[in-house]
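>>> sequence? don't have it. structure:
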Ligand SMILES: O=P(O)(O)OC[C@H]1O[C@](O)(CO)[C@@H](O)[C@@H]1O
């Protein structure tokens, strides 16, 4: 068969398969979720699945067994089981960079060659962290370290920062701060209440070329040098990188450089040495438990039939809403204050991984790929954006994440938190009809005519889909499992869309241009960009020389 025929056969088989799923979506678009529950008393059980301490109740989705079968068929046609095997086996799934995405090897003992590298670094980390905790490794004045400032951005920041916040209730050996932004306000804030004698800096950068991180690292070093008055500050700097030679050039002592490898993507990296600030703060056992929870989810992903496989189910639901219901965004609403950074962590994980427009072989994708990920902690969101979830014009699937208990919570708080979460997912589903809305206006003293006119404002259409992801408690293990679940969900979707989830070429152009703009900003010649950029540069230069003149 020639290439042209193959291409058109592929296209027509996609159209047929999408036609079948689109028909199911058309049928369920007008279905009533409440009626689906009434028609099937087993619905909640039928659509609830558990693994690694996480329970996914997906019964409040616009889905039924027939539609799910179609989605499962789609997954099978995309050889999902084989693709999962490839990922876990360390095959070069990142085709544009010709390498594996073997983050699971940081948690599992396979594939052996990757897992062995991970183990040897993890042993070095354990040894180093224990020496810091015992006071054996200390600052230039001999005082033990009390604070870690992690300097990194993107995957070298969001993961450790999210975990530090999520496990806040855990005993902390050291205090942590995270500096990512090149805006000097970020590092200035972190340094303002830090004691140079007892502050340890972790320079986290896979490439060790990221401008923001290097600028912040230089500022941290100048700050320390200023305070140390000639004493040796080497013990204050740890580097985590896949380019140890660059960390060496920066001046980090070789025994304080912890390697990672090109087979670990930045946004999948906090399980590697990038997570050293987690171990420094909560201890090596907590860091190991985090990985153990993820490993449990990895094994579930690798070994469970697609029909009961949590990441597969969640991935397919995302495809269902994004490609067949036109949903453009996905809300993440953790009902746990300590998980408030999860939405921004997932923004990088999902949007940098699957925000792509071409397939693995360079063809335009057939439809929408990653949705816009957003959200905030419940109950805060209820008093801001939930209005739009309930009555706005967009269909927005929601993931409610709910640790059922929290021993650290003062009396009376947790029941209220849980009740709010369940009430939100239920009210998104049931909505409020016109008759009820009208009754409420009449009960509040309106005439029938007034109530008739005002009632539509109170109508809530309902049938708005949500997942409920529950765990008994938020622990290092359940957190690890939850993050691995989302990582694998992202992979499942990339397989369905036939895109590479592990590159991020879209971020490169801005980085390159920044160098050119920076050069133009410090030069005297007219900038050579568009008039908008040129004007802003001229304005910057004028203000800059004005402030230089003022300080003379
Ligand atoms: O760890 P590095 O190399 O400093 O990169 C930081 C981040 O920058 C990115 O390359 C995107 O700009 C992310 O993928 C990565 O997590």
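All right, it came through fine. Note that this is a predicted model, so its numbers are computed, not measured.
>>> now do the domain split for this protein, please.
Domain assignment of the chain by the TED database yields the ranges 37-78+304-430+465-500, 103-291, 508-551.
>>> which element is the residue nearest the centre of the chain on?
By CA atoms, centre = their mean, the chain has its centre lying nearest to residue 346, at 1.8 Å. Taking DSSP states H and E as the definition, one finds residue 346 inside helix 342-346.
>>> quick one: residue 109 is in a helix?
No: using DSSP: H, G, I helix; E, B strand; the rest coil, the assignment for residue 109 is coil, not a helix.
>>> tell me how far the closest residue in space to it that isn't next to it in sequence lies from the ligand.
Leaving aside its chain neighbours, residue 109 sits nearest to residue 115 (4.9 Å; criterion: CB to CB, 6 or more residues apart in numbering). Where C-beta positions appear, they are placed from N, C-alpha and C, glycine not excepted. Distance of residue 115 to the ligand, computed by CB to the nearest ligand atom, to the nearest Å: 22 Å.
>>> check residue 38 too.
Using CB to the nearest ligand atom, we find residue 38 at a distance of 47 Å from the ligand.
>>> could you do residue 417 as well?
For residue 417 relative to the ligand (CB to the nearest ligand atom), the value is 32 Å.
>>> same deal with residue 437?
For residue 437, the distance to the ligand - CB to the nearest ligand atom - is 48 Å.
>>> per-residue confidence for that residue?
Residue 437 is assigned a predicted lDDT (pLDDT) of 98.
>>> was I right about it contacting residue 461?
No: Residue 437 is beyond contact range of residue 461, at 11.5 Å (criterion: CB atoms under 8 Å).
>>> okay, these two: which has more neighbours?
Shown here are residue 437 and residue 461; by other CB atoms under 10 Å, residue 437 has more neighbours (17 against 14).
>>> the spatially closest residue to the more buried one that is not a sequence neighbour - how many residues pack around it?
Leaving aside its chain neighbours, residue 437 sits nearest to residue 458 (3.7 Å; criterion: CB to CB, 6+ apart). By other CB under 10 Å, the residues close to residue 458 number 17.
>>> what do you get for residue 373?
When neighbours are defined as other CB under 10 Å, residue 373 has 22 of them.
>>> and the residue of the chain most remote from its centre, backbone torsions?
Within the chain, the residue lying farthest from the chain centre (CA atoms, centre = their mean) is residue 447, at 50.5 Å. The phi/psi pair for residue 447 (degrees, to the nearest 10) reads phi -70, psi 170.
>>> then residue 240?
Torsion angles at residue 240 (phi, psi; degrees, to the nearest 10) stand at phi -120, psi 120.
>>> quick one, what contacts it?
152, 156, 202-205, 257-260, 272-274, 276 (CB atoms under 8 Å, 6 or more residues apart in numbering).
>>> recalculate using a threshold of 6 Å.
204, 258, 273-274 (CB atoms under 6 Å, 6 or more residues apart in numbering).
>>> identify, from those residues, the entry nearest to the ligand.
Checking the contacts of residue 240 against the ligand with CB to the nearest ligand atom, the nearest one is residue 204 at 6.5 Å.
>>> can you get me a residue count around the closest one?
Residues lying near residue 204 (other CB under 10 Å) number 36.
>>> what residues are bridge-paired with it?
Judged by DSSP bridges, the bridge partners of residue 204 are residue 240.
>>> not counting sequence-adjacent ones, nearest residue to residue 350?
Closest residue to residue 350 apart from its sequence neighbours, by CB to CB, 6+ apart: residue 373 at 4.9 Å.
>>> which SS class is that neighbour?
Strictly by three-state DSSP, residue 373 counts as strand.
>>> got the contact list for it?
Contacts here follow CB under 6 Å, 6+ apart; on that basis residue 373 touches 330, 346-347, 350-351.
>>> repeat the analysis, applying 7 Å as the threshold.
330, 332, 343, 346-347, 350-351 (CB atoms under 7 Å, 6 or more residues apart in numbering).
>>> show me which of these are buried.
Buried by 16 or more other CB atoms under 10 Å: 330, 332, 343, 346-347, 350-351, out of these.
>>> who in this protein is up against the ligand?
Neighbours of the ligand within the chain, by CB under 6 Å from any ligand atom: 153-156, 205-207, 210, 213, 266-267, 352, 504, 507.
>>> with neighbour count, secondary structure and pLDDT added, can I get these in TSV?
Converted to TSV, the residues of the chain next to the ligand look like this (neighbours: other CB atoms under 10 Å; DSSP: H, G, I helix; E, B strand; the rest coil; pLDDT from 0 to 100):
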residue	neighbour count	secondary structure	pLDDT
153	21	coil	98
154	21	helix	98
155	25	helix	98
156	31	helix	98
205	29	coil	98
206	24	coil	97
207	13	coil	97
210	22	coil	97
213	25	helix	98
266	26	helix	98
267	26	helix	98
352	22	helix	98
504	21	coil	98
507	11	helix	95
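>>> what ranges does the stretch 251-400 of the chain have for its helices?
276-282, 284-303, 310-324, 342-346, 353-354, 386-391 (DSSP state H, counting those that start in this stretch).
>>> deepest of those, which one?
helix 276-282 (a mean of 27; mean count of other CB atoms under 10 Å).
>>> who's in contact with that helix?
So helix 276-282 is contacted by 125, 129, 132, 148, 150, 160, 163-164, 167, 170, 172-174, 176, 202, 238, 240, 258, 270, 287 (CB under 7 Å, 6+ apart).
>>> so which of those residues belong to helices?
Among these, the members falling in helices (DSSP state H) are 125, 129, 132, 160, 163-164, 287.
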